[in-house]
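> here is my input, please return the structure:
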Amino acid sequence: MANSSRILVVEDDAQVRAMVSTLLGRAGYRVEAVPRARDMRRAVAEGGVDLVLLDVLLPDGDGFEALRQLRESSDLPVIMLTGVDGPDDRVHGLESGADDYVCKPFNPNELIARVRSVLRRADGLGRAIDPSGTSTVYSFTGYDIDVTRRTLTDGGGRDIELTAGEFDLLLALAEAPNRPLSRDQLLDKTRSREWSPYDRSIDVLIGRLRKKIEENPGKPALIKTVRTVGYVLAAQVERRQIRRVPLNAG
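The predicted structure is shown next:
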């Protein structure tokens, strides 16, 4: 996704809102900045937003709750902004559906790097097809993961909405079926160490994935916990190449 991406900044502090908007504008992004959750809902409903920077404390509600409501209808990438940096708050953000989490005050270069990374991971539909005209697909128990388009479909061909982090985690498991991967390995594969390597982040993402693909998330049959190790995708996975028409073809 190019730097012409549109970013929605939801921040009640006018100074912080102006500073972040200026920083993103200088990096080449189009920016809309609003102070309230209801403004976010309006902007998202109008369309054209590529990523949301969402403050935790808003004058008309809790940012975590605003994110949970957003996740009921959208997998739009979201980075949480907060003045509190603690494991519980990070996990709360993950459980609400955040793609990343940045603590204020932040290093400007770090914020831009996080924005670029999340946009890059979310940019599945905007990629060109491989020059060979093929796309890699991993199939298991009726599900298809299209690596190029970054989509997950079920046996009926219906899309299952995943956040960028959820997709990366499922792909990492599908690339090593029936082989337990530690939390540390999954962090390496899904976040390139952009997040602090605390275990519960992976645990929360696993829980979110199970709710989307398991028949009984409380007794998972696909994504299983391997005690003292991590997690494993317990399924036969077929990797194949599919001929695609390039997305930008007329």
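
> please count neighbours and contacts with C-alpha atoms only from this point.
Will do.

> any idea which helix or strand in this protein has the lowest mean pLDDT?
helix 87-96 (a mean of 69; mean pLDDT, DSSP states H and E).

> other SSEs contacting the helix or strand following it?
Following helix 87-96 in sequence order, the next helix or strand is strand 100-103 (DSSP states H and E). The helices and strands touching strand 100-103, judged by 3 or more CA pairs under 8 Å, 6 or more residues apart in numbering; DSSP states H and E, are strand 78-82, helix 87-96, helix 108-122.

> repeat that for 6 Å
strand 78-82 (3 or more CA pairs under 6 Å, 6 or more residues apart in numbering; DSSP states H and E).

> which residue packs closest to Pro59, ignoring adjacent ones?
Arg36 (6.3 Å; CA to CA, 6 or more residues apart in numbering).

> actually Arg210, not the one I typed
Nearest one to Arg210, counting by CA to CA, 6+ apart, is Pro217 at 5.2 Å.

> so the one you found is in which element?
Using DSSP H and E, no helix or strand contains Pro217.

> measure it to Lys224 for me?
10 Å (CA to CA, to the nearest Å).

> same thing with Gly142?
For Gly142, the distance to Lys224 - CA to CA - is 18 Å.

> ok, now Arg120?
29 Å.

> what does Gln241 give?
Distance from Gln241 to Lys224, by CA to CA: 27 Å.

> before we move on, what about Phe64?
In terms of CA to CA, Phe64 sits 28 Å off from Lys224.

> looking at those two, which is more packed in?
Phe64 (23 against 17; other CA atoms under 10 Å).

> give me every residue that touches that one.
Contact analysis of Phe64 by CA atoms under 6 Å, 6 or more residues apart in numbering lists Ser96.
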